[in-house]
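> For reference, the sequence and a predicted model appear below.
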There are 2 protein chains.
Amino acid sequence: MEVPLKSTHIPRATIQRLAVYVQVLETLVQEGELVISSDGLARACGVNPSQIRKDLAYFGEFGVRGVGYYVQDLLLAIKQSLGINRTWNVALVGVGNLGRALLRHGVFRRRGFILVGAFDCDPFKIGEEVAGLEVVCSRRLKDKVAELDIEIGMITTPADRAQRAANYLIEAGIRGIVNFAPARISAPDNVFVEYVDFMHHIFSVAFNISLSQTKIPS
Amino acid sequence: MEVPLKSTHIPRATIQRLAVYVQVLETLVQEGELVISSDGLARACGVNPSQIRKDLAYFGEFGVRGVGYYVQDLLLAIKQSLGINRTWNVALVGVGNLGRALLRHGVFRRRGFILVGAFDCDPFKIGEEVAGLEVVCSRRLKDKVAELDIEIGMITTPADRAQRAANYLIEAGIRGIVNFAPARISAPDNVFVEYVDFMHHIFSVAFNISLSQTKIPS
C-alpha cells in the first residue's frame, strides 16, 4: 500500500501528535482491536476528535463513516508517511548513565530504530560492552557510520561535550541528530536536530502547579 | 524582585521556549556574560528575535534599547514567573535502567528539582540504594509524599505499569506528573501530566530525512 502524502508541509505539532497516535494504535493492535471510533481514538490519545481528523487529513482519506478507523491500516499509513515503516540504524554518543539506559531501552528497537554503535571519548569506557555493543572511540565515528550504515545519531554526553559529539556525527555524514544533552548545538541545514529536553516538561508541570496555587487565595 | 505575570494564559509553545531560554541564560551566567543583545540571545536559542520579544512580553518589559537584556535579571524573572525560583521535591517511580539514569542525572538538582524518593514494586529492588536513595515500595508512596513534602512525580516504569504508578502518585496527593513511560495515562484535571516522549523526536528526524530524500530524484 503506497500512501502518497497530500502535503509535505506537515506542522511540527502534527508530527508530535502522530507519534502519540502511533503509540496508541500500536497498543490497540497488541490488544487485538480491529476498529476504533474517531472519538475513542481521540480519548485514548488525549486529543479532541476534530484535531485528529485534521491531522490525519494530511495523509489522505481515512476513517469510515459510522465505523471509525481500521487500526492496522491507519497505523501502517502513518508509519509509511512518516518514513518509519523501515528500520534505521542509530549511533549513540556518550556512554554515561543516560546513554547506558537508552542503549538498554527496548523502545527504540521495537519502533525500528536499531542502536548499532556506542561511542565515547573516555579511554576507560572504550572497549567496554554495553547492551551487546562494544564502546568505540568517537574519533572512529566516520568509519563506523559508513561500515554500519548509520543515519541517525543520539547525543547523551554532558552539556559541554554535546557540540563536539555533534561535530563528529556531522563529519561522519549523519543526517539527523537527537540531542539528549542539556545544551543547544549548531549543525548545517541539511542535518535535522531534535532536542529531548526533560527540563521543559518538568518546568511546565511546576509552572502549572504554581499558577493553580496562586489562584486559590490563602 | 516581584515580577507580576502580565497574563496567566501563556501558550504551551512559549513555555517550551522559556525552558530553552533558561538553559541558554544559565550558560551565559556561568560564562560571566552580563548583557546579551536580543539577536544574540535569539541565535543562541535557535529562535528568531521577534519570537523572543513576543515570548518575553508575557512577563513584562524586558530588554533595554541599544543594550539588550541583562542576563541575570532576565533569568531570575523567567524563573520567578515559571515558579521555578525555588526547589521542588520529586518522587521517581520505576527504578529500571532509565529510572536509575535519571536518579543519577545532575540536571534535575541543578535546576532545583530534588529527587527525594525512589519507588518500585519489585521486591528485589526494594531496599536497594540508588544515587543515595533507598528504593521504597510504591504502596508506601502516600506516607512518603506527606513525610518528604513531595509535589511532583516522575514515572519511569515499563508502559504497562505506568497507569498503576500514576494511580499511586495521584492517591498520594501529588500535583504534577512527568511520564517517561511510553504510554498515555489518565489523571484528574487538577493533576498536571507531561509526557517525555523520546519517540516523537526520533520519528521527526526520520520523517525529515525521508522527506529530504524523496525530494532528490535518484
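Thanks, I have it. Residues are numbered from 1 along each chain as shown, chains lettered A, B, ... in the order given.
> Mark out where each domain of chain A begins and ends.
Following automatic domain parsing, one gets these domains for chain A: A:12-81, A:88-199.
> just so I have it, where are all the strands in chain A?
All strands of chain A, identified by DSSP state E, fall at A:35-36, A:69-70, A:88-93, A:113-120, A:129-130, A:133-137, A:152-155, A:176-179, A:192-195.
> CA atoms only for the least confident helix or strand in chain A by mean pLDDT, dumped as CSV, please.
Of the helices and strands making up chain A, the lowest-confidence element is helix A:198-215, at a mean of 82, by mean pLDDT, DSSP states H and E. The C-alpha coordinates for helix A:198-215 follow below in CSV (Å, rounded to 0.1, in the frame of the first residue of the first chain):
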residue,chain,number,x,y,z
PHE,A,198,13.4,16.8,30.1
MET,A,199,13.5,20.2,31.8
HIS,A,200,10.8,21.9,29.8
HIS,A,201,8.4,19.2,30.8
ILE,A,202,9.2,19.5,34.5
PHE,A,203,9.2,23.3,34.2
SER,A,204,5.8,23.1,32.7
VAL,A,205,4.4,20.9,35.5
ALA,A,206,6.0,23.2,38.1
PHE,A,207,4.6,26.3,36.4
ASN,A,208,1.1,24.9,36.2
ILE,A,209,1.2,23.9,39.9
SER,A,210,2.4,27.4,40.9
LEU,A,211,-0.3,29.0,38.8
SER,A,212,-3.1,26.8,40.3
GLN,A,213,-1.9,27.7,43.8
THR,A,214,-1.8,31.4,43.2
LYS,A,215,-5.5,31.2,42.0
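> list the buried ones in that helix?
Along helix A:198-215, the positions that meet the burial threshold by neighbour count (16 or more other Cβ atoms under 10 Å in any protein chain shown) are A:198-211. (C-beta placed from N, C-alpha, C; glycine too.)
> In terms of secondary structure, what does that helix contact?
The contact analysis (3 or more Cβ pairs under 8 Å, 6 or more residues apart in numbering or on different chains; DSSP states H and E) places helix A:198-215 against helix B:12-30, helix B:71-82, helix B:106-110, strand B:152-155, strand B:176-179, strand B:192-195.
> quick one on the thing from earlier: and B:Ala57, which of the strands of chain A is closest to it?
Evaluated over the strands of chain A, closeness to B:Ala57 peaks at strand A:192-195, with 23.9 Å, by Cβ to Cβ.
> Quickly run through the sheet partners of the closest one, with directions.
Strands flanking strand A:192-195 in the sheet, each with its direction: strand A:176-179 (parallel) (DSSP bridges).
> Kindly calculate the angle that the least confident helix or strand of chain A makes with strand B:113-120.
For the pair helix A:198-215 and strand B:113-120, the angle between their directions (axes from the mean of the first three to the mean of the last three Cα atoms, to 10 degrees) equals 100 degrees.
> what is the orientation angle of helix A:198-215 with strand B:88-93?
In terms of direction (the same axes, to 10 degrees), helix A:198-215 departs from strand B:88-93 by 120 degrees.
> List the contacts of helix A:198-215.
Judged by Cβ atoms under 8 Å, 6 or more residues apart in numbering or on different chains, the contacts made with helix A:198-215 from elsewhere in the structure are A:182, B:8, B:10, B:12, B:15-16, B:18-20, B:22-23, B:82-84, B:88, B:90, B:102, B:107-108, B:111, B:113, B:151-152, B:154, B:175-178, B:190, B:192-196.
> report the angle between the axes of that helix and helix B:71-82?
Taking the same axes, to 10 degrees, helix A:198-215 and helix B:71-82 form an angle of 60 degrees between their directions.
> Between helix B:12-30 and helix A:198-215, find me the angle.
For helix A:198-215 and helix B:12-30, the angle between their directions (the same axes, to 10 degrees) works out to 110 degrees.
> hang on, the earlier thing: what would the strands of chain A look like in a markdown table with distance to B:Ser38?
A markdown table is the format used below for the strands of chain A (distance: least, Cβ to Cβ, whole Å):
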| stretch | distance to B:Ser38 |
| --- | --- |
| strand A:35-36 | 48 |
| strand A:69-70 | 46 |
| strand A:88-93 | 33 |
| strand A:113-120 | 37 |
| strand A:129-130 | 44 |
| strand A:133-137 | 41 |
| strand A:152-155 | 28 |
| strand A:176-179 | 25 |
| strand A:192-195 | 22 |
